[in-house]
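*Asks:* need a 3D model of the following:
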Amino acid sequence: MRTEAEQVLCRFQTTNRVRHRSEPLYQWIVETARREGLQGATVLTGIMGLKPDGTILKRKAWVIAQNLPVVVEVVDRPGRIEALLKRVEPSFRDGTITLERAHVILYRTANDTRRAAFPEAVVAPEASAAREVKTMKSSEAGVLLRIFIGESDRAPGGDGTLYEAIVRRAREAGLAGATVLKGPMGFGKHSLVHAAKVLELSTDLPVLIEIVDNEERIRSFIPIVDELVSEGLVTLEAVRILKYAAPGA
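*Replies:* Sure, this is the predicted structure:
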């Protein structure tokens, strides 16, 4: 059984060390989403990140406790996302929340008799569901820049990895932040499938760099992306941005 409609993708960007009482904030957000009856939530851990204060977070080999970027993604109807934000926003003091339009196709087994969570009709693009969500904090229009490359891609001149070079140039450009996510499997332009394997320390796995900021800053950063990336995929998505700063930041 297939159902499709426009919904809202809500992304909470934080780090694994930010706490909510006795547990990690990202874990509490997932549990809150479950208790509120949302359709689901996904947690993605980054291998590198740039914080708004210019601090670069990077995963280190053989270190157990590390401060790394974490992204929690939740997709649901505007009303449900709004209810989740009412619970989360008072405790979300360090990070960024983005809201964007998501055209969702939901598949269920034939014997699943649960009522569809949204209507069959698809909402017109100009009436983005993300605009309907009311938040405690005022939002601003922004752009989510996604850069899809390979883990082993090198920066021009061979000075380090390409994803590290992009994060450093983002910091030099004064962008609000960046998150580097690593996938366990993928393929690129040349149709070669790369996958993580047991006991294999070095593989060319897919890497995704995400940068969120206002449109002017993102547009001014595109020439730098053109300079650095010789082979890859770049996407731009309009989002609503809610920024939060830790006390004293």
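*Asks:* pLDDT on stretch 227-245, on average?
*Replies:* The average pLDDT within stretch 227-245 is 90.
*Asks:* ok, the closest residue in space to I47 that isn't next to it in sequence - contacts?
*Replies:* Nearest non-adjacent residue to I47, counting by C-beta to C-beta, 6 or more residues apart in numbering: R59, 4.5 Å away. All C-beta spots, glycine's among them, are computed from the backbone N, C-alpha and C. By C-beta atoms under 8 Å, 6 or more residues apart in numbering, the residues touching R59 are 46-48, 66, 68.
*Asks:* in strands, which of these appear?
*Replies:* Secondary structure assignment (DSSP state E) places 46-48 from the contacts of R59 within strands.
*Asks:* most neighbours, which of those residues?
*Replies:* Among the ones in strands among the contacts of R59, the one with the most neighbours (other C-beta atoms under 10 Å) is G46, at 24 neighbours.
*Asks:* name the nearest residue to that one, sequence neighbours excluded.
*Replies:* With sequence-adjacent residues excluded and distances taken as C-beta to C-beta, 6+ apart, G46 is closest to P69, at 3.7 Å.
*Asks:* the one you found and E237, how far apart?
*Replies:* Computed as C-beta to C-beta, to the nearest Å, the P69 to E237 distance reads 18 Å.
*Asks:* between these two, who's got more neighbours?
*Replies:* When P69 and E237 are compared for neighbours, P69 comes out ahead with 26 against 16, by other C-beta under 10 Å.
*Asks:* right, and that one touches T15 too?
*Replies:* Yes - taking C-beta atoms under 8 Å as the contact criterion, P69 and T15 are neighbours in contact, 5.6 Å apart.
*Asks:* need the residues touching each of these two.
*Replies:* Applying C-beta under 8 Å, 6+ apart, one finds that P69 and T15 are jointly contacted by 49, 57.
*Asks:* neighbouring contacts of the helix or strand in which T42 is found?
*Replies:* Counting by DSSP states H and E, the secondary-structure element that holds T42 is strand 41-50. The list of residues contacting strand 41-50 from outside it, by C-beta under 8 Å, 6+ apart, reads 15-16, 26, 29-30, 33-34, 56-59, 68-74, 163-164, 167, 170-171, 175, 177-182, 207.
*Asks:* and it, what's its mean pLDDT?
*Replies:* Strand 41-50 carries an average pLDDT of 93.
*Asks:* which residues does G95 bridge with?
*Replies:* Under the criterion DSSP bridges, G95 forms beta bridges with Y244.
*Asks:* test my guess that it contacts Q13.
*Replies:* Yes - because the distance of 5.1 Å satisfies C-beta under 8 Å, G95 is recorded as touching Q13.
*Asks:* in contact with the residue nearest to G46, which residues?
*Replies:* Contact partners of P69, counting by C-beta under 8 Å, 6+ apart, are 13-15, 45-46, 48-49, 57, 179-180.
*Asks:* before we move on, what about V207?
*Replies:* With the criterion set at C-beta under 8 Å, 6+ apart, V207 makes contact with 47, 148-151, 153, 163, 180-183.
*Asks:* that one and L84: what is the separation?
*Replies:* In this structure, V207 lies at 29 Å from L84, with C-beta to C-beta as the measure.
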